[in-house]
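*Asks:* Need a 3D model of the sequence below.
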Amino acid sequence: MPRGTKRKCPPKVTFHRNFRPPTANERDDAIGPFPGAVHTSDSRREMLLRVAADCDHDRTLINRPSLSELSSSTESIESAMKDLDDESLYTPVASGGKGRPETSLAIAHPRDELDWLAQVPEEGQTFEDYVTFSTSRSGRMRPIVNATGEEIVLLPLVTQPTTRQVGGDGSEEGGDAGLCWPEHGPPLDSLADYTRSFFDREVIVLPPAVVASAPTASTSKNPRFDIKFPKGHGGGKGRQVRSHATVVGRFDKKTKRMQLQVESLLEELAAFREKRGASGTGRVPLSQQNSGNPASSAKEERNFCVMGVTMVDLYDGPSDLFCAGMAYGGSKVAIFSFSRYHPCIKMSPWHWHDYFFADKADSYSYYENSSQAKKSKKQRVYKSTNKDEKKMNPTSFDEMKSLKESAGAEFTRRSAKLLTHELCHLYGIDHCIHNRCLMNGTGHLVEDFLAPCVLCGVCLRKLQWRLGFDVRGRYELLAKSFDKMGMKKEHKWALKQCSALAKSD
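*Replies:* So this is what the prediction gives:
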């Protein structure tokens, strides 16, 4: 460098001009007082008991009576609620000074101009904000909370049958043979088990909805794709619930690749959930719930939400490269795609249909140099060895199975974060600005992949207020789930929480 020449430093990325990071005192106050939300105690107790009255499955958490047992024991219901006011469960320091600082680390400063807080002036949500959102002035639960909702329903969306069956237990929620989750997707059974541990709620995996891999009603701007929802799974035996619909999408003729428009898909999911609730014995449409009709309130729907999960690519607006998904909070439906979360994917930053899969996993999913662009063009055409498979995947079935193995636990980690983050939104939890947390907003994939998998103390207390789980038992189950999914870092973290809380007792 010539003498006297100053080194040019890259411009410093700042928070959005209308965003003010919370102070240390504000972060401490965000967790709320202990005891907290006293005016909602009666309503919260009633909510848990109403859920228990309609509960016919075994609860998952250890060291805690099942919800079906709570209604017969005042002592048990109080035990289910007391964790809310145990400060040691949510703060980073337990008794004796044994620290758990990772439960309340401050949010990171944005490093890229596309980072979430460089783009969005988040207001944040304290524990008391969450309680206020969820309850009326009298302390009663608002209708949007869906207080009687017990089950989390996962609806896989696939494009063709493969060899791995989903939900085929022969029960009302069981699957039909041949309708399966794609081999190259994240392990749906592990994600369902993890979701059970995370929320302490029953998770039901429906047979897949099947979407055509090519448009059936095509125009240059708005091609439409047929979608068939599972039959006989509307809550009543043998009843067919909205088995057929069409959704808007886009289709590239050269690569045979497709994307579905997320809002069009959400509208059909909302209609499916509405009719699913109306068709079974003791179920009524959502529009009639909380209407003040005693007969209606006695028959309220048992599922909390319907979450669509898929490996089909999604988009929102015409300029979008892709969209991970979207939720309709009021309708309690959501759809999310894991397609762009694969650790081996390399995608063009310019064309939605231009992507390929590299041999090795990488935390950066885009390519921008000419050599990778040439490779993309070579691998863009699907070469199938199985006549039953549709021409929508970038590589053969065997190659995708190999990619699944090479992705290791990272694909599962990314998918688990996406699923639980969005389900927390359906439970009314907003983006977190107080600590590093699963509920931090993310503006792009790199930031998303670096975000934590776990809740901070503030957001954990919100979820405990809503669901009434045993925090210590939940950590134990999460440790088992992390171990099962090969998430070593998270497994070690959960064990640390268990050990620190055991010493504080």
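
*Asks:* Find me the pLDDT at the nearest residue to residue 332 once chain neighbours are set aside, would you?
*Replies:* Closest residue to residue 332 apart from its sequence neighbours, by C-beta to C-beta, 6 or more residues apart in numbering: residue 305 at 4.1 Å. C-beta: built from backbone N, CA, C; applies to glycine. pLDDT recorded at residue 305 is 93.

*Asks:* Could you do residue 340 as well?
*Replies:* With respect to pLDDT, residue 340 has a value of 93.

*Asks:* Also the one 5 residues further on?
*Replies:* Per-residue confidence for residue 345 comes out at a pLDDT of 87.

*Asks:* you'd agree residue 470 is up against residue 82?
*Replies:* No: between residue 470 and residue 82 there is no contact under C-beta atoms under 8 Å: 9.8 Å.

*Asks:* So for the two, which residue has more residues nearby?
*Replies:* Using other C-beta atoms under 10 Å, the more surrounded residue of residue 470 and residue 82 is residue 470, with 22 against 12.

*Asks:* Wait, a strand at the residue nearest to residue 332?
*Replies:* Yes: counting by DSSP: H, G, I helix; E, B strand; the rest coil, residue 305 is part of a strand.

*Asks:* dump the residue contacts of it.
*Replies:* 146, 149, 152, 153, 273, 332, 333, 334, 423, 426 (C-beta atoms under 8 Å, 6 or more residues apart in numbering).

*Asks:* Number of residues surrounding the residue lying closest to residue 302 once chain neighbours are set aside?
*Replies:* Among residues not flanking residue 302 along the chain, residue 150 sits closest, at 5.2 Å (C-beta to C-beta, 6+ apart). Number of residues near residue 150 (other C-beta under 10 Å) recorded here: 20.

*Asks:* Tell me, what's the model's pLDDT at residue 150?
*Replies:* Residue 150 carries a pLDDT value of 83.

*Asks:* now swap in residue 455 and tell me
*Replies:* The model's pLDDT for residue 455 equals 95.

*Asks:* Let me know the secondary structure of it.
*Replies:* Look at residue 455: counting by three-state DSSP, its state is coil.

*Asks:* who touches it in this structure?
*Replies:* For residue 455, counting by C-beta under 8 Å, 6+ apart, the contacting residues are 424, 437, 438, 439, 463.

*Asks:* what do you get if the cut-off is 6 Å, keeping everything else the same?
*Replies:* By C-beta atoms under 6 Å, 6 or more residues apart in numbering, residue 455 lies in contact with 437, 438.

*Asks:* how close does it sit to residue 478?
*Replies:* Look at residue 455 and residue 478: by C-beta to C-beta, to the nearest Å, they are 10 Å apart.

*Asks:* re the thing from before, which ones among the contacts of residue 305 map onto helices?
*Replies:* 273, 423, 426 (DSSP state H).

*Asks:* Nearest to residue 187, out of these: which one, please.
*Replies:* residue 423 (17.5 Å; C-beta to C-beta).

*Asks:* Not counting sequence-adjacent ones, nearest residue to residue 27?
*Replies:* Nearest non-adjacent residue to residue 27, counting by C-beta to C-beta, 6+ apart: residue 434, 4.8 Å away.

*Asks:* Can you find the helix or strand of this protein with the lowest average pLDDT?
*Replies:* helix 294-297 (a mean of 36; mean pLDDT, DSSP states H and E).

*Asks:* so who does the residue nearest the centre of the chain touch?
*Replies:* Nearest residue to the geometric centre of the chain (C-alpha atoms, centre = their mean): residue 419, 2.0 Å. Applying C-beta under 6 Å, 6+ apart, we find residue 419 in contact with residue 191.

*Asks:* I'd like the mean pLDDT over whichever strand or helix holds it, please.
*Replies:* In the assignment (DSSP states H and E), residue 419 maps to helix 409-426. Mean pLDDT, helix 409-426: 94.

*Asks:* how far out from the middle of the chain is that helix?
*Replies:* Here the centre of helix 409-426 is set off from its chain's centre by 5 Å, with C-alpha atoms, centre = their mean, to the nearest Å.

*Asks:* Show me what counts as buried in that helix.
*Replies:* 409-424, 426 (16 or more other C-beta atoms under 10 Å).

*Asks:* between the ones in helices among the contacts of residue 305, which is closest to residue 222?
*Replies:* Out of the ones in helices among the contacts of residue 305, the member with the shortest distance to residue 222 (by C-beta to C-beta) is residue 273, at 24.6 Å.

*Asks:* pretty sure that closest one contacts residue 304?
*Replies:* No: in this structure residue 273 lies outside contact range of residue 304 using C-beta atoms under 6 Å: 10.4 Å.

*Asks:* And stretch 332-351, what's buried?
*Replies:* 332-348.

*Asks:* what about stretch 13-27, start to end distance?
*Replies:* End-to-end distance of stretch 13-27: 23 Å, with C-alpha to C-alpha, to the nearest Å as the criterion.

*Asks:* Residue 499 is in what secondary structure piece?
*Replies:* helix 488-504.

*Asks:* Now do the helices in the stretch 151-300 of the chain.
*Replies:* Along the stretch 151-300 of the chain, counting by DSSP state H, counting those that start in this stretch, helices occupy 188-199, 262-279, 294-297.

*Asks:* what's the closest of these to residue 482?
*Replies:* Of the helices of the stretch 151-300 of the chain, nearest to residue 482 by C-beta to C-beta is helix 188-199, at 8.1 Å.

*Asks:* now that closest one: how far from the chain's centre is it?
*Replies:* 10 Å.

*Asks:* counting contacts, what elements does it pack onto?
*Replies:* Here helix 188-199 touches strand 203-205, helix 409-426, helix 471-484, going by 3 or more C-beta pairs under 6 Å, 6 or more residues apart in numbering; DSSP states H and E.

*Asks:* please redo it, this time with the cut-off set to 8 Å
*Replies:* Other elements packing on helix 188-199 under the criterion 3 or more C-beta pairs under 8 Å, 6 or more residues apart in numbering; DSSP states H and E are strand 151-158, strand 203-205, helix 409-426, helix 471-484.

*Asks:* shaky segments in the stretch 151-300 of the chain?
*Replies:* Low-confidence regions of the stretch 151-300 of the chain, defined by pLDDT under 70, span residues 160-179, 217-220, 232-242, 277-300.

*Asks:* what about 80?
*Replies:* Residue ranges of the stretch 151-300 of the chain with pLDDT under 80: 160-180, 216-222, 231-243, 276-300.

*Asks:* Skipping adjacent residues, who's closest to residue 323 in space?
*Replies:* Here the nearest residue to residue 323 in space, its sequence neighbours aside, is residue 316; by C-beta to C-beta, 6+ apart that works out to 4.3 Å.

*Asks:* what's near enough to touch that neighbour?
*Replies:* So residue 316 contacts 261, 262, 263, 323, 326 (C-beta under 8 Å, 6+ apart).

*Asks:* what about the third one, how many neighbours?
*Replies:* Read that as residue 263. For residue 263, using other C-beta under 10 Å, the count is 15.
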